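Q: return atomic coordinates for the entry below.
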Amino acid sequence: MHLQVESRDERSGLKFLLVQRGTFEFGYDEKQKKFAKYNLPDIYHSIETMKSVECLCEEFLVSASPISLKQVKKFNFQSKNKIAVENEMLEDNDAFHMTYDDLENFSSFYNYRIANEFQIEYLMKSYSALFPWGDSLADIKVIDDWMSLDTESSPKTENGLRCLFFFTWTLSEFQARGECEKRMYDNVNIEGSKVIKSGGAEFWPWQNYGQESAFCLPSSRAPSSTLGDGLAVGRVTAHISELKNDYFRTFRTFGN
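A: As a prediction, the model looks like this:
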């Protein structure tokens, strides 16, 4: 998969990347299981029996970063539906945590789609190593850099993706995969939940380092009912024919 081609949609201000058609292993593949076995023993027993399946992902456009405060402000100026902005500490370029209903309103206004679980995982498996920083557990400084909210200047993957390690809404309904995952959420009401992908953590001395690192694995997932405040970031997709930008149409027609 190649994501070098990018362009900004002037309507929303979002920068989009072209994701090319390709195959990948959807679910916890052997690379992730091997990593967990030696680095995350508390997690390994929960994922060792989970199956992955080879899948084909069709071409799509995806926002290089989650929706930012600046883009929410632009939406609020253009649309009758408003998204409440309550965190006064946010900078304009910071990734904005919102409800699923707000993300639906934003997406439908610009004729975007909310990225599904399949697409987000495909993106997270687009870089050459297990994580953007390599195949090992990151130290606290590295994680701190990757947890920057800045959608314009935070670290980006080799393919141009930023802000991957925040809990991210998906279009997909949550269903437990196998008995292990069912037991994991035995005491959680998952009815009506969406799949939440990703979510790193800024580690503190009282946290379980390995447990928190598991959220950075590409196949990490959770039901949205586990979100304490019901908020997550939104990453959207679009079809080339619908995006108001001639550059992508030219690329699609004539290739690169």
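
Q: relative to residue 83, how far out is the closest residue to residue 231 other than its chain neighbours?
A: Leaving out its chain neighbours, the residue that sits closest to residue 231 by Cβ to Cβ, 6 or more residues apart in numbering is residue 97, at 4.0 Å. Every C-beta, even on glycine, is put in place using the N, C-alpha and C of the backbone. Look at residue 97 and residue 83: by Cβ to Cβ, to the nearest Å, they are 11 Å apart.

Q: and what of residue 28?
A: From residue 28 to residue 83 the distance is 34 Å (Cβ to Cβ).

Q: the two: who's more crowded?
A: Between residue 28 and residue 83, counted using other Cβ atoms under 10 Å, the more crowded position is residue 28 (23 against 20).

Q: which SSE is residue 13 in?
A: Using DSSP states H and E, residue 13 is not contained in any helix or strand.

Q: contacting residues for it?
A: Counting by Cβ atoms under 8 Å, 6 or more residues apart in numbering, residue 13 makes contact with 70, 71, 74.

Q: now do 6 Å
A: Neighbour list for residue 13: 71, 74 [criterion: Cβ atoms under 6 Å, 6 or more residues apart in numbering].

Q: just for the stretch 1-150 of the chain, where's the confidence low?
A: 1-5 (pLDDT under 70).

Q: if we can go back for a sec, any idea how many residues pack against the residue nearest to residue 231?
A: 22.

Q: cool, and residue 188?
A: Quick note: residue 188 (other Cβ under 10 Å) scores 14 neighbours.

Q: surely it is in a strand?
A: No. Under DSSP: H, G, I helix; E, B strand; the rest coil, residue 188 falls outside any strand and is assigned coil.

Q: so how far is residue 230 from it?
A: Taken as Cβ to Cβ, the span from residue 188 to residue 230 is 14 Å.

Q: give the next helix or strand downstream of the helix or strand encompassing residue 73.
A: Assigned by DSSP H and E, residue 73 belongs to helix 69-78. Remark: after helix 69-78, the chain's next helix or strand is helix 100-109, criterion DSSP H and E.

Q: just how off-centre is that next one within its chain?
A: Remark: helix 100-109 is offset 16 Å from the chain centroid, using Cα atoms, centre = their mean, to the nearest Å.

Q: what's it packed up against?
A: In terms of contacts (3 or more Cβ pairs under 6 Å, 6 or more residues apart in numbering; DSSP states H and E), helix 100-109 is not packed against any helix or strand.

Q: got a list of contacts for that helix?
A: Residues from elsewhere that reach helix 100-109, judged by Cβ under 6 Å, 6+ apart: 75, 79, 81, 83, 114, 169, 234, 236.

Q: and the angle for that helix with helix 69-78?
A: Angle of helix 100-109 versus helix 69-78, following axes from the mean of the first three to the mean of the last three Cα atoms, to 10 degrees, is 70 degrees.

Q: pull out the buried positions in helix 100-109.
A: Within helix 100-109, the residues that count as buried by 16 or more other Cβ atoms under 10 Å are 100, 102, 103, 104, 105, 106, 107.

Q: okay, those residues in a markdown table with distance to residue 35 next?
A: Shown next, in a markdown table, are those (distance: Cβ to Cβ, whole Å):
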| residue | distance to residue 35 |
| --- | --- |
| 100 | 31 |
| 102 | 35 |
| 103 | 31 |
| 104 | 35 |
| 105 | 38 |
| 106 | 35 |
| 107 | 33 |
